[in-house]
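Trainee: Okay, predicted coordinates and the sequence, questions at the end:
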Amino acid sequence: MSAYGPEHPRNLIPELCNQFYHLGWVTGTGGGISIKDGLKKSQCTPLFMLAYKERGAGAVIHTHSPHAVRCTLLYDKEFTITHQEMIKGIKDAKLGRFLRYDENLVVPIIENTPFERDLAGSLGEALRQYPGTSAVLVRRHGVYVWGDTWQQAKTMTECYDYLFEMAVEMKKLGLDPAFNPEAQNKPVN
């Protein structure tokens, strides 16, 4: 039996990675999670460190979700969706609150590089240009999501993944995920 509790990063990270594997978010060599533990951080890439320093994150999740990757192929510089219930699960750092379903959720998309460590510059720039974002998509690679706690990061990752999948399916049907139904002129009777 481990000397550490179930929520200690030594036990929690493998358990979360196991769950993420079964969700298809981490396969082969892809994906990971980093959790702040007191003053120390578990194994961090420079990309995780950016979220800790720039956003004061408590945890960072990186997935190779197929839904996220497909979104990076369907959008140019940013992913945008509105009027979806799961948007309410996303915290906007600039606003300091969770978004409403009828607000625009915008996630920047940065270009992939041959070596993951080389993404730090463009990820840092995305964090500066999008001060409210709690996620960054990487073209043909996946997504980084961070939250105040590991629980919040996990919940937001689930919400993002749902929204990425929804957007892909909407586009297949010829629907615009960024369309605001309330902005339409209502017919006069």
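Mentor: Received the coordinates, thanks.
Trainee: CA atoms for contacts and neighbours, from now on please.
Mentor: Noted.
Trainee: Could you give me the buried positions within stretch 149-157?
Mentor: Trp150, Gln152, Ala153, Lys154, Thr155, Met156, Thr157 (16 or more other C-alpha atoms under 10 Å).
Trainee: what sits up against the longest helix along the chain?
Mentor: The longest helix of the chain (DSSP state H) is helix 150-172. Around helix 150-172, the neighbours that count as contacts under C-alpha atoms under 8 Å, 6 or more residues apart in numbering are 35, 58-61, 65, 67-68, 70-71, 74, 81, 84, 86-87, 89-91, 145-147, 176-177.
Trainee: List buried residues within those.
Mentor: Buried, going by 16+ other C-alpha under 10 Å: 35, 58-61, 65, 67-68, 70-71, 81, 84, 86-87, 89-91, 145-147, 177, out of the contacts of helix 150-172.
Trainee: In strands, which of those residues appear?
Mentor: Counted as lying in strands by DSSP state E, out of the buried ones among the contacts of helix 150-172, are Ile35, Ala59, Val60, Ile61, Ile81, Lys91, Val145, Trp146, Gly147.
Trainee: of all those residues, which two lie farthest apart?
Mentor: Farthest-apart pair in those is Ile35 and Ile81; separation 28.3 Å (C-alpha to C-alpha).
Trainee: C-terminal to the helix or strand of the chain with the lowest mean pLDDT, what's the next element?
Mentor: Sorting the helices and strands of the chain by mean pLDDT, DSSP states H and E puts strand 40-41 at the bottom, at a mean of 58. Per DSSP states H and E, the first helix or strand lying C-terminal to strand 40-41 is helix 46-55.
Trainee: What are the buried residues along that next one?
Mentor: Going by 16+ other C-alpha under 10 Å, helix 46-55 has these buried residues: Leu47, Phe48, Met49, Leu50, Ala51, Tyr52, Arg55.
Trainee: quick revisit: identify the residue with the minimum pLDDT among the ones in strands among the buried ones among the contacts of helix 150-172.
Mentor: Minimum pLDDT for these is recorded at Ile35 (72).
Trainee: I'd say that residue and Ala59 touch.
Mentor: Yes. Using C-alpha atoms under 8 Å, Ile35 makes contact with Ala59 at a distance of 4.3 Å.
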